[in-house]
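Student: Okay, predicted coordinates and the sequence, questions at the end:
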Amino acid sequence: MIISVIGWTGTFLILIAYYLISNEKISHRSRSYQWMNLFGAIGVGVNAYANSAWPAFGLEIAWALIAAKALAKLSI
């Protein structure tokens with residue numbers, strides 16, 4: 001049950017980030033956008049790992065790394 005909640009929370013974070021960026025409510029250079037992507041990817045990744053969904057898990061690792069790199073660049 002908790003794994004599902006974590007996965008759904010991650011899904012909603014990614015969808016909210018996508019909605020905000022697509023409707024120009026937030027900039028791709030925004031820290032909040034990148035944090036939503038990072039935590040969203042972690043949430044979906046936890047769910048994918050727990051359910052042995054390896055392609056989705058690989059995607060979420062890449063998604064999280066991209067968001068982390070973007071956050072690091074924004075901090076400089």
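Tutor: Received it, and whenever you're ready, just let me know what you need.
Student: rest of the way, CA atoms for contacts and neighbours
Tutor: Fine.
Student: the helices in the protein, which residues?
Tutor: Counting by DSSP state H, the chain has helices at residues 2-22, 31-50, 54-75.
Student: got CSV for those helices, with mean neighbour count too?
Tutor: Compiled in CSV, these are given as follows (neighbours: other CA atoms under 10 Å):
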stretch, mean neighbour count
helix 2-22, 17
helix 31-50, 22
helix 54-75, 16
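Student: Could you export those to TSV, including columns for mean pLDDT?
Tutor: Below are the helices of the chain laid out as TSV (pLDDT from 0 to 100):
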stretch	mean pLDDT
helix 2-22	98
helix 31-50	98
helix 54-75	97
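Student: do you know how far the closest residue in space to G43 that isn't next to it in sequence is from S75?
Tutor: Counting by CA to CA, 6 or more residues apart in numbering, G43 lies nearest to G10, which is 4.2 Å off, once chain neighbours are set aside. Distance of G10 to S75, computed by CA to CA, to the nearest Å: 23 Å.
Student: With that, I have no additional questions.
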